[in-house]
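Enquirer: Based on what follows, work out the 3D shape:
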Amino acid sequence: MTEAQGVLDTKNLSVIQKAQAVETAKDAVDQAQYEYDNNLISDPDWVAPTYQKENIRIIENTTTRVETQTVENILFNSDFSRGTEGWSGVNPGWQGSSPALVDGKIIFSYQTQTVTQGLFSGPFENATLNLSADWFNNDTNRGQVDIYSMKIEVKDINQNPVGTATYNSTGSHDWQNKSVSLAATGPVSYLTISFTGIDSGYWYGVYGPQIKNPVLSIVHGKEITETIYTYETYYTTEPLLTEGTMQVKIDEGGEATFTAPEGAVFTTSNLRYEAKDRPACGVDIRPNLQVNSITIQADNNVWGDPCGGWYKHVIGTISYLGQPSAPLIKNPELLELLEEPQTIYNNSLVEYAEAQLEVENSVTQLKVLQDKQIENQGKIESALNGVTIEQEALRVAQQELDSIPSYEEPTPTPTETEEPVKEPEEVEPEPIPEPEPPVSPEPSEPELPVNIETVDPATLSNEQVAELISVANEILNNSEQGSAEYEEALKALFVAAEANDIELSEELAAIPGLSAAVDAINFIGNVGADMSPKVREESEKVVVTAIVAVGAAVNAATGAALTAAAPSAAASVSAGGSGGTSSIRRKD
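Expert: I've put the predicted structure just below:
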């Protein structure tokens, strides 16, 4: 009972704890639900309505081109038909080491010399110049190759260089046309060309590089920019706007509130505060806009009094414009945060229900134990009353047993027999003696299988008890009453009887009357154990009735005690011949 009550108390405490866990989980669910319901966000999957708007734009195409002109040869006296006129650094015929004009060509001597021609013209815009000439350079006198070059230099009107280009010789050769080009970086006004050469191996009967037919061509022109305009139609995706106009008419002293559709705001107004019967008298008014909802008053304190003495009103229109906004939805992320406390709450409800069921089961079990305890208590009390009655009968039987005198076997007395008168025997010759057969030793007394002075009867097995009884009876049958062997055999029988005593556990020994009843059973079972078989036969007749009566009473008490002790898990010992478990143990 105490153990069952402790289990019930533990389970009741568990129910309280589970209920608190349910409340805590419910609070967490409520908070998460509140967050989910009230923290709304714009639907991220919502797409604003749009339309394709047609647009027209002007395309400006600007092109730049150069109207070119070509000057085939701007050099003066390039064929030397006028001798050296226009050229500097050259002599008609040989004069020292200076280049000489001979037969329409310039021949260079043994010193490096330059022949030039400078021009002023233009300006040439976007000019590209090309200088070319026929060159002869086949003089390899003394193993030396002659060297020559030609160069273009151009400047703008302010003598600022706008380009230069040079061609250098590449070895000996017969007459070949060589050229060099230059793209000026600015307008060209001053032009200078030059030819340079040297007879590296001196004359020795031959001359240095030779040049003829110089030409300087120019391609130039003005840059002309042209712009052409074309119209192009294109389409754009525009949000579908909500737009409209509301009529306003508010008599003096009144007010009205106007609300634009969702996502739109008021953008423009066309309002006047004027006399109703004299519209020309009044003022234009402009309330603060760019709001979704606006309240307009027809009041002199707001707009002044433009027409004193006249009844006025606010009249006109206000326009709104806007785009629908995304609808508000519950945040999916907060839904995930709601699922976890919901799961915890559901689990806590299950655990709470299981704990309540366990309490109900414990209460039922405790009730069964209480009913059983009441029933067993009655049985025990009834059995103990019977034991008390039978104890008295046992006492009376003991007295009767004590009054029986001890039985002693009579000592046999030899009887006298008359001997017949012997007649004289004839004397015969003595026979030859035969050898006597060997004398067999008399059988020895059987020995007890255990030392009865030191053995603990409770430790004897069934086989040892049976053997002890058998040997003791044999000794009693074959020994003289009162002898040491006889007395020792009687003690052995008593030890065998004690080996069959009933033993009680501590729990049952504490039951009032039950221990005394068991002692009585043990006593009766041991009565006469130390008697000889003949004496015991007479004694058993006296006590058999007491044994039966007391045994029935004790069995009843024992059964009730066993039932009362059944709930205790600690009591479990073997009751011989009962076929079950109890707190009583009887050795077989």
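Enquirer: Show me what stretch 315-324 is in contact with.
Expert: 48-49, 239-250, 258, 260-272, 274, 287, 289, 292, 294 (C-beta atoms under 8 Å, 6 or more residues apart in numbering). Glycine gets a C-beta too; all of them are placed from N, C-alpha and C.
Enquirer: same thing but at 6 Å, please
Expert: For stretch 315-324, contacts defined as C-beta atoms under 6 Å, 6 or more residues apart in numbering pick out 239, 241-249, 260, 263-272.
Enquirer: cool, stretch 217-225 as well?
Expert: By C-beta under 6 Å, 6+ apart, stretch 217-225 touches 64-74, 124-130.
Enquirer: Selection in ChimeraX covering whichever of these are buried, please.
Expert: Of the contacts of stretch 217-225, the buried ones go into a single ChimeraX selection, burial set by 16 or more other C-beta atoms under 10 Å:
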select :71,74,124,126,127,128,129
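Enquirer: Could you report the neighbour count for Arg286?
Expert: As a burial measure, Arg286 scores 9 neighbours (other C-beta atoms under 10 Å).
Enquirer: what residues are up against it?
Expert: Ser269.
Enquirer: So what does it have for phi and psi?
Expert: Dihedral pair for Arg286: phi -140, psi 90, per degrees, to the nearest 10.
Enquirer: Report the secondary structure state of Leu369.
Expert: With DSSP: H, G, I helix; E, B strand; the rest coil as the basis, Leu369 sits in helix.
Enquirer: for Asn347, that is, sorry about that
Expert: helix.
Enquirer: Next one: it from Ala25, what distance?
Expert: Look at Asn347 and Ala25: by C-beta to C-beta, to the nearest Å, they are 8 Å apart.
Enquirer: Look at the two and report which has more neighbours.
Expert: The neighbour count for Asn347 versus Ala25, taken as other C-beta under 10 Å, is higher for Ala25 (20 against 13).
Enquirer: which stretch of helix or strand covers that one?
Expert: helix 2-38 (DSSP states H and E).
Enquirer: after that helix comes which helix or strand?
Expert: strand 40-42.
Enquirer: if I look at Leu131, how far off is Thr114?
Expert: For Leu131, the distance to Thr114 - C-beta to C-beta - is 14 Å.
Enquirer: Out of the contacts of stretch 315-324, which end up buried?
Expert: 241-242, 246, 248, 260, 263-266, 269, 271-272.
Enquirer: Pick the one among those residues closest to Glu336.
Expert: Gly263 (29.8 Å; C-beta to C-beta).
Enquirer: Of Leu131 and Thr114, which one has the most company?
Expert: Between Leu131 and Thr114, counting by other C-beta under 10 Å, Leu131 is the more crowded of the two (24 against 16).
Enquirer: The helix holding Ala25: which residues count as buried?
Expert: Going by 16+ other C-beta under 10 Å, helix 2-38 has these buried residues: 4, 7-8, 11-12, 14-15, 18, 21-22, 25, 28-29, 32, 36.
Enquirer: Lowest-confidence entry in those?
Expert: Taken together, those show their lowest pLDDT at Ala4, with 81.
Enquirer: Pretty sure Asp138 sits against Trp175.
Expert: Not quite, residue 138 is Asn, not Asp. No. Taking contacts as C-beta atoms under 6 Å, Asn138 lies outside contact range of Trp175: 8.8 Å.
Enquirer: Which positions in the strand or helix carrying Leu321 come out as buried?
Expert: If you go by DSSP H and E, Leu321 is part of strand 312-322. For strand 312-322, the neighbour count (16+ other C-beta under 10 Å) marks 312-316, 318-320, 322 as buried.
Enquirer: where in the stretch 401-550 of the chain is pLDDT low?
Expert: For the stretch 401-550 of the chain, the stretches with pLDDT under 70 are 405-445, 500-550.
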